[in-house]
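Asker: Sequence plus the predicted model coming up.
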Amino acid sequence: AQKVTQAQTEISVVEKEDVTLDCVYETRDTTYYLFWYKQPPSGELVFLIRRNSFDEQNEISGRYSWNFQKSTSSFNFTITASQVVDSAVYFCALTLGSGGSNYKLTFGKGTLLTVNP
Amino acid sequence: GAGVSQTPSNKVTEKGKYVELRCDPISGHTALYWYRQSLGQGPEFLIYFQGTGAADDSGLPNDRFFAVRPEGSVSTLKIQRTERGDSAVYLCASSSDWGGTQYFGPGTRLTVL
């Protein structure tokens, strides 16, 4: 079975600080996909990124960047120069890639990020 | 274009009652998923449809829960004889195909008194 661990339950930073959210995953499959979703106070899950297990290139999108390391089974998310609007719960998730029911998402418990002005 | 929509946004019911929660996926998306999110937890998978058929219902907690998608678009999650432990946010997601990125709706907050 798959498992996603987000060890940081809550993080609080001051605006403009950089912050990294950790995600560690477990799976025996060689083909899988990793995701990050943002859940602001409004409650709706917002898709941020999807990465497949064969692509270990780091990705940057504006102030967001992701570091995927298969050697440590980690897929960490960094927000540079954080802003108050980044305050939300962030979820890391995993699906398998071999078809059918494997596409259900397995989520971590989430990290509550609070960015203070 | 329109995203995933869910109705109602809030549902309060009494223990023992029957409820239906509706999900309208993104137009053209063939895959539809239901998840349940309890307070302070990540969403947990309930059931997945590809077209009209349930491809995987392994996450449904018991036989009081049932979901349908008769025409391959809108889906309804049905809960019979509700219990207080069913209180949660029920999330629906859709994707363009198997394995596609899942886009979520705003959820239905169910409260069983």
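Answerer: Received the coordinates, thanks.

Asker: Least confident secondary structure element in chain A?
Answerer: Here the helix or strand of chain A ranked lowest by mean pLDDT, DSSP states H and E is strand A:59-61, holding a mean of 91.

Asker: Then chain B?
Answerer: strand B:53-56 (a mean of 88).

Asker: Report the next helix or strand after that one in sequence order.
Answerer: The first helix or strand that comes after strand B:53-56 along the chain, using DSSP states H and E, is strand B:65-68.

Asker: neighbouring contacts of that next one?
Answerer: For strand B:65-68, the external contacting residues (C-beta atoms under 8 Å, 6 or more residues apart in numbering or on different chains) are B:34, B:46-47, B:49, B:54, B:57, B:60, B:75-80. In short, each C-beta sits where N, CA and C put it, glycine included.

Asker: And for stretch A:56-75?
Answerer: A:22-26, A:34, A:36, A:48-49, A:51, A:53, A:55, A:76-83, A:92.

Asker: Recalculate using a threshold of 10 Å.
Answerer: A:3-5, A:18, A:20-27, A:30, A:34-36, A:38, A:48-49, A:51-55, A:76-83, A:86, A:92-94 (C-beta atoms under 10 Å, 6 or more residues apart in numbering or on different chains).

Asker: circling back to that earlier point, in the sheet, which strands lie alongside the least confident helix or strand of chain A, parallel or antiparallel?
Answerer: Strand A:59-61 has its sheet partners listed here by DSSP bridges as strand A:64-69 (antiparallel).

Asker: got the CA coordinates for the following helix or strand past the strand it pairs with in PDB?
Answerer: Note on strand A:64-69: by DSSP H and E, the next helix or strand toward the C-terminus is strand A:74-79. Only the C-alpha atoms of strand A:74-79 are listed here, as PDB (Å, rounded to 0.1, in the frame of the first residue of the first chain):
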ATOM      1  CA  SER A  74      10.900  12.900  -1.000                       C
ATOM      2  CA  PHE A  75       9.000  15.600  -2.900                       C
ATOM      3  CA  ASN A  76       9.600  18.800  -1.000                       C
ATOM      4  CA  PHE A  77       7.900  22.100  -1.800                       C
ATOM      5  CA  THR A  78       9.500  25.500  -1.300                       C
ATOM      6  CA  ILE A  79       7.800  28.900  -1.300                       C
END
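
Asker: so the most centrally placed residue in chain B bridges to which residues?
Answerer: Nearest to the mean C-alpha position of chain B, by C-alpha atoms, centre = their mean, lies B:W34 at 3.6 Å. As for beta bridges, B:W34 partners with B:I47, B:C92 under DSSP bridges.

Asker: my read: it touches B:P61, true?
Answerer: No. Between B:W34 and B:P61 there is no contact, the gap being 11.7 Å when judged by C-beta atoms under 10 Å.

Asker: who touches both of those two?
Answerer: Common contacts of B:W34 and B:P61, defined by C-beta under 10 Å, 6+ apart, comprise B:E44, B:L46.

Asker: sorry, back to before: may I have the least confident helix or strand of chain B as CSV, with CA atoms only?
Answerer: This file holds the C-alpha atoms of strand B:53-56, laid out as CSV (Å, rounded to 0.1, in the frame of the first residue of the first chain):
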residue,chain,number,x,y,z
GLY,B,53,-19.3,2.3,-14.2
ALA,B,54,-17.6,2.2,-10.8
ALA,B,55,-14.1,1.1,-11.5
ASP,B,56,-13.1,1.0,-7.8
